[in-house]
Every structure is written in structure tokens, then in C-alpha cells.
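[1] build me a structure from this.
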Amino acid sequence: MNKIEYIKNAVSELLGKNQQGHDDKHVLRVYKIAMKICDETSDANRELVAAAALLHDCDDYKLFGEESERLQTNTKRILAGSGFDNEFCEKCLDIIKHMGYSKRLQGIQPTSIEGKIVSDADMCDASGLIGIMRAMEFRNGVPFFVPDCLPPDNLSAESYRHDFDTPVIHHFFHKTLRLRNLALTEFGRKCLEERHKTVVQFLDTYFDEVDAPQPWKDLLNKYR
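    You can find the predicted model right below:
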């Protein structure tokens, strides 16, 4: 078994039973998108991109808590068993440490080409139809839409990290519809632009079918 296959198997074992949109299927989609971006980026280290893409959710605070995120507990354990050398492991850990939407709200983002590729791949899987489905899976049991509960205009990184109980539709305005402006690669920009259109179309149709109050339609117009 090669090193990347070892990581795939370890990640599948760790995340395979998750039912909140952060399972191994999500990770494999991110991995495949990242490999596509690599095909257009000749100076990227493909193994580093592959490893970081596969490992990026292994210590997600939403799944494992903030201490695990800070210490990168699961990621370090899997990397230690993979056979990659220390330099490679440190680069991979650094990429993951600088990834994530809440990090972007704090002005933190990857600086290496490999980190930019993995970040864009992850954001692509948070948009489009799959992003809509993942949002509903993550907030299972929370109302999708409450007509008289508009999302606040501004949301801090800290508030976003703990915003789990508001209507599902808030997630689209706090994150999904903002992703197209956060792309770090040309492929990511094109992918997010197309998926953004899908989300807008979905919300347009939904608002028409439920006869949503005009303020909701006005809010959506800001993201066209």
C-alpha cells in the first residue's frame, strides 16, 4: 500500500460514519477536485495536495472539538503512520492549519500553491447542489426557513463557528453565497462561479414557491 492509499484508508475509517456532510465521501470529492486543479498547475506537489485534501477534515472543530483542531491530533497520527518524512508532514499540517471559512473570516489563508489548491477544492464542495445538501445534512433537525428571521448582516468568525441553531437558510447567506469571492486559483474561481449560479437559482425557486417576504428576495439580489 502506498502512502496516499494509507491516508485514504485511515481517513475513511475516521470519517466514514459521519452523517453531517463531513464524511469520507466529501473528502474524496475534495481530493478529486484538487487533483483536477493540479492538472492545470504544473508547479504543485501532487502528493502534498493529495495528502492535505484527504486529511483536511480530520480535526475539524465541528466534529472533534477545538482542542483537536488546535493540536491536529488525528492528522498527526495518520501522517505519522503514512511513511512521509517530517518536512512533508509539517508542510501538510501547515496547509490544514490555514484552511477553512472561519479562518478566512479572520484574514488567514494558505500561502503555498498546494494550500491554495486544497482550499479552493474544499470551497467548491461547499457550493452548488452538493453544498446545499451538505448544509441540510449538517443542520439536520433545524428549521430550513423562518420567514420573519432574517440573517444578521455581519457575522464574526467566532459567531460563525458556533452558529449551529439558526435556520439552515442562514448558512447560505453567511457562507455559501460568499465563497465565489474567496477563490485562490483560476480553476477554483470558475468552479465557484458556476456553483454560485446553482445556489442562487435554487433560492430563487424556493422563495417563489413559499412566497417569501420581499426582504428575503432583496437580500438574495445582493449576491447575484
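[2] how far does whatever helix or strand K217 lives in sit from its chain's centre?
    Element membership for K217, per DSSP states H and E: helix 214-221. Relative to its chain's centre, helix 214-221 lies at 25 Å (CA atoms, centre = their mean, to the nearest Å).
[3] tell me what that helix is packed against?
    helix 186-209 (3 or more CB pairs under 8 Å, 6 or more residues apart in numbering; DSSP states H and E). Every residue, glycine included, has its C-beta placed from N, CA and C.
[4] with only the CA atoms kept, save stretch 134-150 in CSV.
    The C-alpha trace of stretch 134-150 is given here as CSV (Å, rounded to 0.1, in the frame of the first residue of the first chain):
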residue,chain,number,x,y,z
ARG,A,134,-24.4,19.2,3.0
ALA,A,135,-25.8,22.3,4.7
MET,A,136,-29.1,20.5,5.3
GLU,A,137,-27.3,17.3,6.5
PHE,A,138,-25.2,19.3,9.0
ARG,A,139,-28.2,21.1,10.5
ASN,A,140,-30.5,18.1,10.5
GLY,A,141,-33.5,18.9,12.7
VAL,A,142,-33.1,22.7,12.5
PRO,A,143,-35.9,24.5,10.5
PHE,A,144,-34.8,25.3,7.0
PHE,A,145,-36.6,28.7,6.7
VAL,A,146,-38.3,31.0,9.1
PRO,A,147,-39.8,33.9,7.2
ASP,A,148,-39.5,36.5,10.0
CYS,A,149,-35.9,35.6,10.9
LEU,A,150,-33.5,37.3,8.5
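[5] outside of it, which residues touch it?
    19-22, 26, 62, 125-126, 164-172, 176, 206, 210, 212-213, 215-216, 219 (CB atoms under 8 Å, 6 or more residues apart in numbering).
[6] show me those residues that map onto helices.
    Of these, the ones assigned to helices by DSSP state H are H26, K62, V168, I169, H170, H171, F172, Y206, P215, W216, L219.
[7] gap between the third one and K36?
    Per CB to CB, to the nearest Å, V168 is found 29 Å from K36.
[8] those two: who's more crowded?
    With neighbours defined as other CB atoms under 10 Å, V168 and K36 compare such that V168 has more, 19 against 15.
[9] put the alpha carbons of stretch 184-202 into PDB.
    Provided in PDB are the C-alpha atoms of stretch 184-202 (Å, rounded to 0.1, in the frame of the first residue of the first chain):
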ATOM      1  CA  LEU A 184      -7.300  31.400  -4.800                       C
ATOM      2  CA  THR A 185      -6.800  29.700  -8.200                       C
ATOM      3  CA  GLU A 186      -8.300  30.200 -11.700                       C
ATOM      4  CA  PHE A 187      -9.900  26.800 -11.700                       C
ATOM      5  CA  GLY A 188     -11.500  27.500  -8.300                       C
ATOM      6  CA  ARG A 189     -12.800  30.800  -9.500                       C
ATOM      7  CA  LYS A 190     -14.600  29.200 -12.500                       C
ATOM      8  CA  CYS A 191     -15.900  26.300 -10.400                       C
ATOM      9  CA  LEU A 192     -17.300  28.500  -7.700                       C
ATOM     10  CA  GLU A 193     -18.800  31.000 -10.100                       C
ATOM     11  CA  GLU A 194     -20.800  28.200 -11.800                       C
ATOM     12  CA  ARG A 195     -21.900  26.600  -8.500                       C
ATOM     13  CA  HIS A 196     -22.800  30.000  -7.200                       C
ATOM     14  CA  LYS A 197     -25.400  30.300 -10.000                       C
ATOM     15  CA  THR A 198     -26.900  27.000  -9.000                       C
ATOM     16  CA  VAL A 199     -27.400  28.200  -5.400                       C
ATOM     17  CA  VAL A 200     -28.900  31.500  -6.500                       C
ATOM     18  CA  GLN A 201     -31.300  29.600  -8.800                       C
ATOM     19  CA  PHE A 202     -32.300  27.200  -6.000                       C
END
